[in-house]
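K.L.:
Fold the following and give me the result.
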Amino acid sequence: METQSAQRSHSLTRSLRSSRTLRSSLVAAAAVLFLTPSLRAHDLERTQVLLTFARDGSFVLDVANDSSWLKLRLEQFPGSFADRVVLWVDGHEVRPTSVEYLPPTGSDVDRPLGKYRLRGRFPSNAQTLRWYYGLVVDPYPLTVRRADGRLLVEEIGGDAWSRTIDVGGQFRSTSVNATVSALAIAGLLMVPLGIRIATKTRRHEELK
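P.N.:
Below you'll find the model as predicted:
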């Protein structure tokens, strides 16, 4: 009896161990299946965004993604690429004035990146920016190169708005610069006229 009881106990122990091992394997497999789509999507998108400003308020916006993924994604959303992004400046949208597609270069043979380049201009008194890119799902970095040399990197949570980004104090007013330039040119043009008038006046006085 004792021998049979010991055998049953040993058999039960092995059965429990096997069940635990099986459950652990199932849990691990489920975790892999749950995480894989997200990792795969992030790997496919390969989103890179670079926003570069100039002193006059003009900007160049480069939005890059894996070219194959981007092509398939855009087939689901017909229309201009500019409609897929939002530049929200001080409570108003700033629309790009031009959009061009830059195909992958020869250096991107293994995983080519397709890039959309958008250009436009911010108001000279712009202070804040919020950014949105509606095609992607997973997090990506947004790099902002300010005209004053500062570099800002913002982590965007995929299909989500950025936090408020400081864009103030880096632009010069083009209207002021144009006025100053016009006055300077007018002053230079007046110099020869002033010399002629002064010369004629002196000669007239000498004749007297």
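
K.L.:
Helices along the chain, start to end?
P.N.:
Assignment of helices within the chain using DSSP state H yields the ranges 2-45, 67-75, 174-207.

K.L.:
Span of stretch 162-171 from start to end?
P.N.:
For stretch 162-171, the separation between the terminal residues is 22 Å (CA to CA, to the nearest Å).

K.L.:
Correction: the previous question concerned stretch 103-123.
P.N.:
Chord length of stretch 103-123, first to last residue, is 30 Å (CA to CA).

K.L.:
Now do it, average pLDDT.
P.N.:
Rounded to a whole number, the mean pLDDT of stretch 103-123 is 86.

K.L.:
likewise stretch 141-157?
P.N.:
97.

K.L.:
Next, the buried residues of that stretch.
P.N.:
Residues of stretch 141-157 classed as buried: 142, 144, 145, 146, 147, 154, 156 (neighbour count, 16 or more other CB atoms under 10 Å). (Glycine included, C-beta is placed from N, CA and C.)

K.L.:
In strands only, show me those.
P.N.:
Counted as lying in strands by DSSP state E, out of those, are 142, 144, 145, 154, 156.

K.L.:
and which of these is nearest residue 94?
P.N.:
Minimum distance to residue 94 across these is 14.1 Å, recorded for residue 144 (CB to CB).

K.L.:
show me what contacts the closest one?
P.N.:
Taking CB atoms under 8 Å, 6 or more residues apart in numbering as the criterion, residue 144 is in contact with 51, 53, 129, 151, 152, 153, 154, 165, 167.

K.L.:
what do you get for residue 170?
P.N.:
Under the criterion of CB under 8 Å, 6+ apart, the contact list for residue 170 reads 53, 55, 146, 147, 148, 150.

K.L.:
Give me the phi and psi for the closest residue to residue 168 other than its chain neighbours.
P.N.:
The shortest distance from residue 168 to any residue other than its chain neighbours is 3.9 Å, reached at residue 127 (CB to CB, 6 or more residues apart in numbering). Backbone dihedrals for residue 127, given as degrees, to the nearest 10, come out at phi -120, psi -40.

K.L.:
number of nearby residues for residue 127?
P.N.:
A count of neighbours around residue 127, defined by other CB atoms under 10 Å, yields 13.

K.L.:
ok, it to residue 45 distance?
P.N.:
For residue 127, the distance to residue 45 (CB to CB, to the nearest Å) stands at 31 Å.

K.L.:
No further questions, thank you.
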